[in-house]
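S.K.: The following comprises the amino acid sequence and a computationally predicted model.
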Amino acid sequence: MKKSLLLPIAFITVFMFIVSAACSLPFGGGKSATEEPQIIVVTATPQKESNVVTAEPVVEVTQAVTEDTSSYDEAQAFYVEEFDGDLGNFTYDVLNFGSGSTDDATIEADEGALKFVNNADDLYTYVYYEPYTYTDVRIDIEAENLATSDNSITLFCRYDEELGWYEYNIDNDGEWTLYYYDNVVAQQYVQLYDGGSTSINMGRDTNTYTMICQGQELSLYINDVFTHSFEHKDLKDGQIGFGVSSYDSYPVKVNINWFEISEP
């Protein structure tokens with residue numbers, strides 16, 4: 001179940017993901033907003049699925065935090081979020097695929113950054129921008145790695161709680177994967193493509209990542225260098241957002257310094 005992301009956050013723990021019932025987030029999400037989001041633009045996108053990821057998370061349920069939708073009317077469709085004001089337009093979830101607990105994942109808004117700390121293996125944190133749904137959209141993020149390099153940054157678009165979403169996962173070593181979470185047929189992650197990039201600044205460094213969803217085309221840029229493009233036609237529109245994941249090594253400490261939503 002999505003939780004509110006309010007400022008200051010001060011180490012909030014999170015989660016709820018039920019893949020087969022589609023009541024929570026990317027990796028099988030759910031929407032808790034009390035208003036219908038505004039649709040910005042629309043385009044279309046079914047195509048072949050390659051590798052289906054069959055692992056399922058350990059389901060841990062936490063109480064829902066009351067969502068503050070008071071700022072929805074003032075929300076902007078395209079803007080730069082620098083995490084130094086009211087974050088009532090954002091919600092989040094944490095998925096636990098590992099041996100720890102969702103209590104091991106914390107998020108804190110502090111000093112103009114959204115600070116993620118994962119103190120266990122295989123914790124996937126997702127943050128959603130609630131007020132709008134998009135078809136054609138560009139999302140950019142600046143991520144600063146402060147600890148172990150065994151982590152990834154996620155950008156996702158066209159998130160629909162009933163249908164699924166698209167996401168790029170970019171590992172700190174330059175490897176990346178494009179997933180389609182098919183919540184209708186496979187009800188699992190479907191790997192569409194993967195690859196590697198030499199454009200990433202590995203280790204304790206800062207990188208910018210870009211995902212563009214335009215028509216049937218999904219594109220990835222790393223530090224403004226074109227990395228990959230792929231066509232898929234299952235999903236037409238949905239919410240957008242970002243996340244941070246830990247794997248075998250931890251702690252994972254990543255600061256998201258800004259997040260930008262713009263027209264492609």
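M.R.: Yep, that arrived.

S.K.: for this structure, what helix or strand is lowest in average pLDDT?
M.R.: Across the helices and strands of the chain, mean pLDDT, DSSP states H and E gives its lowest value to strand 51-53, namely a mean of 38.

S.K.: would you list every one of the strands in the stretch 101-250 of the chain?
M.R.: Here the stretch 101-250 of the chain has its strands, by DSSP state E, counting those that start in this stretch, at 105-110, 113-118, 123-134, 137-145, 151-160, 164-171, 175-182, 188-196, 206-214, 217-222, 225-231, 238-246.

S.K.: Spatially central residue in this protein, please.
M.R.: Closest to where the C-alpha atoms of the chain average out (Cα atoms, centre = their mean) is residue 242, at 3.0 Å.

S.K.: Check what pLDDT that one gets.
M.R.: Residue 242 carries a pLDDT value of 98.

S.K.: quick one: contacts for it?
M.R.: Contacts for residue 242 were tallied using Cβ atoms under 8 Å, 6 or more residues apart in numbering; they are 126-127, 139, 141, 153-156, 256, 259. Placement of C-beta: from N, CA and C, glycine included.

S.K.: how much space between it and residue 225?
M.R.: 19 Å (Cβ to Cβ, to the nearest Å).

S.K.: And residue 149, by the same measure?
M.R.: According to Cβ to Cβ, residue 149 and residue 225 sit 20 Å apart.

S.K.: ditto for residue 88
M.R.: Counting by Cβ to Cβ, the gap from residue 88 to residue 225 is 35 Å.

S.K.: Between these two, point out the one with more neighbours.
M.R.: Remark: of residue 88 and residue 225, residue 88 carries more neighbours, 20 against 13, as counted by other Cβ atoms under 10 Å.

S.K.: quick one: which helix or strand includes that one?
M.R.: Residue 88 belongs to no helix or strand when assigned by DSSP states H and E.

S.K.: Quick check: it touching residue 74?
M.R.: No - here residue 88 does not reach residue 74: they are 9.9 Å apart, not a contact under Cβ atoms under 8 Å.

S.K.: hey, what's in contact with both of the two?
M.R.: The overlap between the contact sets of residue 88 and residue 74 (Cβ under 8 Å, 6+ apart) is empty.

S.K.: Put together CSV for the contacts of residue 242, with distance to residue 232, pLDDT and neighbour count on each row.
M.R.: As requested, the contacts of residue 242 are exported to CSV (distance: Cβ to Cβ, whole Å; pLDDT from 0 to 100; neighbours: other Cβ atoms under 10 Å):
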residue, distance to residue 232, pLDDT, neighbour count
126, 20, 95, 27
127, 23, 97, 25
139, 17, 98, 23
141, 21, 98, 23
153, 21, 98, 24
154, 17, 98, 24
155, 15, 98, 23
156, 13, 98, 28
256, 26, 98, 23
259, 24, 98, 23
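
S.K.: can I get these in TSV with distance to residue 102?
M.R.: Below are the contacts of residue 242 laid out as TSV (distance: Cβ to Cβ, whole Å):
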residue	distance to residue 102
126	12
127	15
139	25
141	23
153	19
154	17
155	22
156	19
256	19
259	22
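
S.K.: Sweet, I'm off.
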